[in-house]
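1. Here is the input, now give the coordinates:
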Amino acid sequence: MQKRMSGSTWMKAAQALLLAVAVCFWTGAASDSARFNNLSHRLMCTCGCAQLLGECNHVGCTESGRERNELSAAIASGATDDQILGSFAAKYGVTALAAPPTKGFSLVAWVAPFAVFAAALLGTILLVRHWSLGRAAASAQAMTPEMVALREKIRRETEAGADGGV
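-> Purely as a prediction, here's the structure:
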């Protein structure tokens, strides 16, 4: 004979499981190795290989080992992530960051090409529309009575030829 769990027992079990998962994620996110992994993937190796600092593995890299040691020392000293990223940007330039800052000139430098492309596309569309409307208006105004008569004659002759008549 099985005993069924009541609704409140299920609720308590679900709360305990949720608490255990939250504690695991919280302790895992706070560990130095997790921070090192996170930060090393937010920085670029400055040797010119165009790889993330955490992924730079080419033979003879003179920069990645020194930068990784510098990152480990900064984490061990208790610096925040923003302080570490700021110190790398100050020492090696903004190109040491894998993602550009979203403020100041860097934001403008990332948004401007898309804005210029959108403006050029809109200008091209408006220009082509202006040309096509201008051509239709010009052709309607430039038709003299002789041209209208000639156009009608050509239309009648080509229709007659298409029907098989001469």
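2. Share the number of residues neighbouring G48, please.
-> Counted with other Cβ atoms under 10 Å, the burial measure for G48 works out to 9 neighbours. Heads up, the C-betas are built off the backbone N, CA and C, glycines and all.
3. With N69 instead?
-> Other residues lying near N69 total 10 when counted by other Cβ under 10 Å.
4. Quick one: list the elements packing against the helix or strand hosting it.
-> With secondary structure defined by DSSP states H and E, N69 is part of helix 64-76. Counting by 3 or more Cβ pairs under 8 Å, 6 or more residues apart in numbering; DSSP states H and E, the packing neighbours recorded for helix 64-76 are helix 32-40, helix 81-92.
5. Send me the last one as CSV with only the CA atoms.
-> Looking back up the chat, that one is helix 81-92. Output in CSV follows, covering the C-alpha atoms of helix 81-92 (Å, rounded to 0.1, in the frame of the first residue of the first chain):
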residue,chain,number,x,y,z
ASP,A,81,35.1,42.6,-13.3
ASP,A,82,34.6,46.1,-14.4
GLN,A,83,37.8,47.2,-12.8
ILE,A,84,39.7,44.4,-14.5
LEU,A,85,38.3,45.1,-17.9
GLY,A,86,38.9,48.9,-17.4
SER,A,87,42.6,48.2,-16.4
PHE,A,88,43.1,46.1,-19.5
ALA,A,89,41.5,48.7,-21.7
ALA,A,90,43.7,51.4,-20.1
LYS,A,91,46.9,49.4,-20.5
TYR,A,92,46.4,47.8,-23.9
